[in-house]
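Asker: need a 3D model of the sequence below.
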Amino acid sequence: MSIELYTWNTPNGRKISAALEEMGLPYNVHPVNISKDEQFAPDFLKISPNNKIPAIVDPEGPGGQPISIFESGAILIYLGQKTGQFWPSDIRAQIPVLEWLMWQMAGFGPMPGQVHHFIALENEEDRRYGLARYMKETRRLYGVADRRLADVEFFAGPLSIADFAILGWAWRHTRHQVDLADFPNVKRWYETMMARPATKRGFDVSLG
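Answerer: As a prediction, the model looks like this:
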């Protein structure tokens, strides 16, 4: 049975479609138009109590029973554990996956997200402070990623769910006004990821 994916065309949404494609899991897309506040619909609230996309419903969850999951990081961990793909069984090997997944969730998402907000403001006075603050932090995070990728091919060593999480936001680097040429290791990793056929399908599929 197919996983039901409730999402929209955002970095967090693309994390999940890319992971589902890479894992070879069948899924159905249910667009949740956040520009029309559809995330506040009572039916969606039942599976995403924080009124955020993405969320999934797996009709064949643990014990063969349906399960719903919200928060993109939790979804990625669940899918990795469900399939045994991009999620190592060894606890020591899990640590870098979790470290870089949490790095994305805590920083490389919220900070570029603030850039997205301030860059859209029309009033230059309102824009100036926010953009200076969050663009500086966003570039710092790209630098952290670049230093990490100087030593490893993917963020946790082998390809993992952490890469899908980070890719969702790196996908918007032009909107962050970041030239990947400034971060050559990130550029190499990004191009490698986007050249993967399954990942490409995950970014090409219509999410709304």
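
Asker: okay, strands next: where are they in this protein?
Answerer: Residue ranges of the strands in the chain, as given by DSSP state E, are 3-7, 27-31, 55-58, 67-70.

Asker: what mean pLDDT does the second one have?
Answerer: For strand 27-31, the mean pLDDT works out to 98.

Asker: what is that strand packed up against?
Answerer: strand 3-7, helix 11-23 (3 or more Cβ pairs under 8 Å, 6 or more residues apart in numbering; DSSP states H and E). Backbone N, C-alpha and C define where each C-beta goes, glycine included.

Asker: can you do 7 Å?
Answerer: Packing partners of strand 27-31 (3 or more Cβ pairs under 7 Å, 6 or more residues apart in numbering; DSSP states H and E): strand 3-7.

Asker: what's around the closest residue to His116 other than its chain neighbours, how many residues?
Answerer: Counting by Cβ to Cβ, 6 or more residues apart in numbering, Arg175 is the residue found nearest to His116 once chain neighbours are left out, at 6.3 Å. By other Cβ atoms under 10 Å, the residues close to Arg175 number 14.

Asker: hang on, the earlier thing: of all the strands of the chain, which one is nearest Pro49?
Answerer: In this view, those are compared for proximity to Pro49 by Cβ to Cβ, and strand 67-70 is the closest at 6.9 Å.

Asker: tell me which residues in the closest one are buried?
Answerer: Within strand 67-70, the residues that count as buried by 16 or more other Cβ atoms under 10 Å are 69-70.

Asker: what is the mean pLDDT for that strand?
Answerer: Strand 67-70 carries an average pLDDT of 98.

Asker: gap between it and the chain center?
Answerer: 16 Å (Cα atoms, centre = their mean, to the nearest Å).

Asker: and it, which strands flank it?
Answerer: The partner list of strand 67-70 in its sheet, established with DSSP bridges, is strand 55-58 (antiparallel).
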